[in-house]
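>>> coordinates only, sequence not included:
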Ligand code: PEP
């Protein structure tokens, strides 16, 4: 069943006390939309965040993960480590990981496989740069990102996949995609999944939009047929604005 989801990607923000305060503040605001609500603090605060979120419907998720279970990978975090502190969902393929840490489709494919082997849910991010859109190449770019990292998966694996379309030019820029641009791309993505698999899978997969979603534009974007929620950066760092987005459905 396709779900409405709003996930806050906190990136490299919030120390321990800020993390716990923000979760406590979010808990105090009623989720009136029934959308699934997730927050992604930095690794070091996941366990405390998980404890603080207990008893609420806020899911604490990770921003990244390595593709191996353990070994000589200095500075990395594995699926079993995440699971040992209660994390069940991981964001993979964020454009900042692709850009600053050179994560490519082949690496992301490995990470997706590893997350699924470990029974984790994946929020898989992808999206075109401005130069791709201005060259009218955005559909091709998105198609290859999805195909290269996900289209080898079994039909069953798609129960654990959430897609997040995030045009790079809209992330952190205040320049959001128009609701029509988001809808066009989401419908295209759903069509790709249907062609590769079938309509039950394409209709069931949640496709989030990310890129400068704010309380004042969320309702219009989420109102589009194929937009099932959002991946939120800046506006997720404040409890009121985050919950206004969660409640924008
Ligand atoms: C993001 O980083 O995934 C994001 C969408 O950021 P922002 O909402 O700040 O554009």
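Right, received. Where do you want to start? Not measured: the values here are computed from a predicted model.

>>> and this protein, which of its residues are near the ligand?
9, 166, 171-172, 210-213, 231-235 (C-beta under 6 Å from any ligand atom). All C-beta spots, glycine's among them, are computed from the backbone N, C-alpha and C.

>>> residues near residue 174, how many?
Using other C-beta atoms under 10 Å, residue 174 has 9 other residues around it.

>>> skipping its backbone neighbours, what lies nearest it in space?
Spatial nearest neighbour of residue 174, chain neighbours left out: residue 212 (5.3 Å); criterion: C-beta to C-beta, 6 or more residues apart in numbering.

>>> show the average pLDDT along stretch 189-208.
On average, the pLDDT along stretch 189-208 is 98.

>>> sorry, that was for stretch 8-24
Here the average pLDDT along stretch 8-24 is 98.

>>> and stretch 22-41, which residues are buried?
22-23, 26-27, 31, 33, 35-41 (16 or more other C-beta atoms under 10 Å).

>>> now the end-to-end length of that stretch.
10 Å (C-alpha to C-alpha, to the nearest Å).

>>> show me what contacts the closest residue to residue 63 other than its chain neighbours?
Spatial nearest neighbour of residue 63, excluding adjacent residues (C-beta to C-beta, 6+ apart): residue 40 at 4.8 Å. Counting by C-beta atoms under 8 Å, 6 or more residues apart in numbering, residue 40 touches 7-10, 60-63, 91.

>>> most neighbours among those, which one is it?
With neighbours taken as other C-beta under 10 Å, the top of the contacts of residue 40 is residue 8, carrying 29 neighbours.
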